[in-house]
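J.: what's the 3D shape of this:
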Amino acid sequence: MSTMILLGSYIISLVLSLLRVLKKVFMALTRISPTTPPSSWLSWFSNDDLIKSEEYPHEVLHGNNFLQQKVIFEAHGKAVHDKYPQEENYGILTTKGSDSSPREKVGGDVKASSKSRKRPARLVVPDYSPVSEFCQKDKKLERKEFEVEGKDFSLASKKGRRDVMEDGYGVMLDILGDPTQAFFAVIDGHGGHAATDYVAENLGKNIVKALKRVEKAEDQLEAAIRGGYLVTDEEFLSQGVSGGACAASVLLKGGELHVANVGDCRVVLSRKGVADALTNDHRLSREDERFRIENSGGFVHCRNGVWRVNGSLAVSRAVGDLHLKEWIISEPEIKKLPLTSDCEFLILASDGLWDKVNDQEAVDVVLRDESSVESCKKLVDIASRRGNIDDITVMVIKLQKFVESGGLSRQ
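T.: Numbering: from 1, shown residues only. Presented below is the predicted three-dimensional model:
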């Protein structure tokens, strides 16, 4: 018996020794030079992904091939315009989503600076998948705050605590060559920035396309605006991308104001200093919205004082949200009113402002400041100081030019 035990121990020792020898041989054959990066994982990312700049790039507003101007904002926030020809005279379209910085330029600067240093560039493995269709292939650096002082409008925006900015905006001026026509929108995304970027870039364009078909039928303007929202939603859903976006838009045309919204972005008009909310938030606190969703088979539940659809989304209308599309519709509510001499300005903002600042207070802040962009910044600051942790975007549109041109068009 003892002989068998000794024999077994000998065999085990022999096997362990053999395994140690094989391990040494394997390590010698597969040893990689310390200066050679492990290509098995490094090849998944480009150099631009792995080199992280220590400075924020300049803000860039971009759109699509209908752009008449490319607006580049320097570090101090002032705009310079680089004009180039447009394919069709649809007007000036500027959009701002979460990723507006030119990675190619920034990447080039970083490469040059990293070569001039003696130490190697720091490698950073991105925390996102590089193969998703709408994913950031180059994770671009974004500023936490920025402001825009444009023609007839001003804007300020601040990123909340999320990893990426989910607010955005779109502006079209001189639509169809008419300086009295303009389109403005503020967008508030959820579940990522893909829907925000898509709406900012395509909503105005789709509405203008519809306007061209009904330009001589003024009673069809509402149908054109509604169609623009629905088409934008259908196009985004066809991408199969998750996430969604609320939006509030204003179309100025022929001395009239056409306001549309889905979700809880809001438009407020100052009429002789008195606030007039032109939109009604699509939240589930509205009995009619709860009834519509429950009638179509949806589940509405209130938790911690917040109503949600199927326990997730706190708004009842939005662009996108494929998994809830049966109940979260993209049909906007639209309101039309004439532009009169007592119409002073509009405030368009995401719920990051309206959750902390009421309509009249917002109007009072704008009235007290001669500079529209400064009033936008003040409103953002007030909401932040009151504990807002969401993204905040505030746009102010001066109406004097449109009121005067509207009066001429009605004569």
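
J.: okay, now R317: neighbour count?
T.: Residues near R317, counting by other C-beta atoms under 10 Å, number 25. To be clear about C-beta, it is placed using only N, CA and C from the backbone, and glycine gets the same treatment.

J.: make residue 1 into 607 and carry on from there
T.: Shifting the count to begin at 607 puts that one at R923.

J.: next up, the contacts around it.
T.: 852, 868-869, 888, 895, 934-938 (C-beta atoms under 8 Å, 6 or more residues apart in numbering).

J.: which one (most neighbours) among these?
T.: Busiest of those [other C-beta under 10 Å] is G869, holding 30 neighbours.

J.: my guess is that residue contacts D839. True?
T.: No - G869 is beyond contact range of D839, at 11.9 Å (criterion: C-beta atoms under 8 Å).

J.: so what's V1002 bridging to?
T.: S760, I953 (DSSP bridges).

J.: can you pull the pLDDT of it?
T.: We have a pLDDT of 97 for V1002.

J.: could you report the neighbour count for the spatially closest residue to K931 that is not a sequence neighbour?
T.: The shortest distance from K931 to any non-neighbouring residue, by C-beta to C-beta, 6 or more residues apart in numbering, is to L843 (6.8 Å). For L843, the neighbour count with other C-beta under 10 Å is 17.

J.: again with D965
T.: D965: 17 neighbours (other C-beta under 10 Å).

J.: and D996, how far is that from I940?
T.: With the distance defined as C-beta to C-beta, to the nearest Å, D996 ends up 26 Å from I940.

J.: of these two, which one has the most company?
T.: D996 (21 against 18).

J.: how many residues are close by L836?
T.: 17.

J.: how about it, what does it touch?
T.: Counted by C-beta under 8 Å, 6+ apart, L836 has contacts 936-937.

J.: so after the helix or strand hosting it, what's the next helix or strand?
T.: For L836, the host element (DSSP states H and E) is helix 827-843. Note on helix 827-843: by DSSP H and E, the next helix or strand toward the C-terminus is strand 850-859.

J.: what domains does the record give for the chain?
T.: Listed by automatic domain parsing, the domain ranges of the chain are 608-637, 668-707+746-888+923-1016.

J.: give me the mean pLDDT for the shortest one.
T.: In this model, domain 608-637 carries a mean pLDDT of 69.

J.: picking up where we left off before, extract the CA atoms of the helix holding L836 and return them as CSV.
T.: The C-alpha trace of helix 827-843 is given here as CSV (Å, rounded to 0.1, in the frame of the first residue of the first chain):
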residue,chain,number,x,y,z
LEU,A,827,-48.8,75.4,-42.7
GLU,A,828,-49.9,73.4,-39.7
ALA,A,829,-49.9,70.2,-41.7
ALA,A,830,-46.4,71.0,-43.0
ILE,A,831,-45.1,71.5,-39.5
ARG,A,832,-46.8,68.3,-38.2
GLY,A,833,-45.4,66.4,-41.2
GLY,A,834,-41.9,67.7,-40.5
TYR,A,835,-42.0,66.2,-37.0
LEU,A,836,-43.5,62.9,-38.1
VAL,A,837,-41.0,62.4,-40.9
THR,A,838,-38.1,63.2,-38.7
ASP,A,839,-39.3,60.6,-36.2
GLU,A,840,-39.8,58.0,-38.9
GLU,A,841,-36.3,58.6,-40.3
PHE,A,842,-34.7,58.4,-36.9
LEU,A,843,-36.6,55.2,-36.0
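
J.: please identify the buried residues of it?
T.: Within helix 827-843, the residues scored as buried using 16 or more other C-beta atoms under 10 Å are 827-828, 830-839, 842-843.

J.: quick check: the farthest pair among those?
T.: L827 and L843 (25.0 Å; C-beta to C-beta).

J.: select the helix or strand of the protein having the lowest average pLDDT value.
T.: None of the helices or strands of the chain scores lower by mean pLDDT, DSSP states H and E than helix 645-648, at a mean of 30.

J.: any chance of the contacts of R923 in CSV, plus secondary structure, distance to S947 and pLDDT?
T.: Below are the contacts of R923 laid out as CSV (DSSP: H, G, I helix; E, B strand; the rest coil; distance: C-beta to C-beta, whole Å; pLDDT from 0 to 100):
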residue, secondary structure, distance to S947, pLDDT
C852, strand, 32, 97
V868, strand, 31, 97
G869, coil, 32, 95
H888, coil, 32, 96
E895, helix, 35, 94
I934, coil, 40, 95
I935, strand, 37, 96
S936, coil, 35, 96
E937, coil, 33, 96
P938, coil, 28, 97
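
J.: tell me which of those is nearest to S619?
T.: Relative to S619, and with distances defined as C-beta to C-beta, the nearest of those is I934, at 68.5 Å.

J.: so the closest one makes contact with C852?
T.: No - counting by C-beta under 8 Å, I934 stays clear of C852, with 10.3 Å between them.

J.: any common contacting residues for the two?
T.: Overlap of the contact sets of I934 and C852 (by C-beta under 8 Å, 6+ apart) consists of 921, 923-924.

J.: would you turn those into JSON lines with distance to D803?
T.: Shown next, in JSON lines, are those (distance: C-beta to C-beta, whole Å):
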{"residue": "V921", "distance to D803": "19"}
{"residue": "R923", "distance to D803": "19"}
{"residue": "A924", "distance to D803": "15"}
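
J.: which among these gets closest to V915?
T.: Distances from V915 to the shared contacts of I934 and C852, taken by C-beta to C-beta, are shortest for V921, at 8.1 Å.

J.: so the closest one sits right up against H888, yeah?
T.: Yes - with contact defined as C-beta under 8 Å, V921 and H888 form a contacting pair (5.5 Å).
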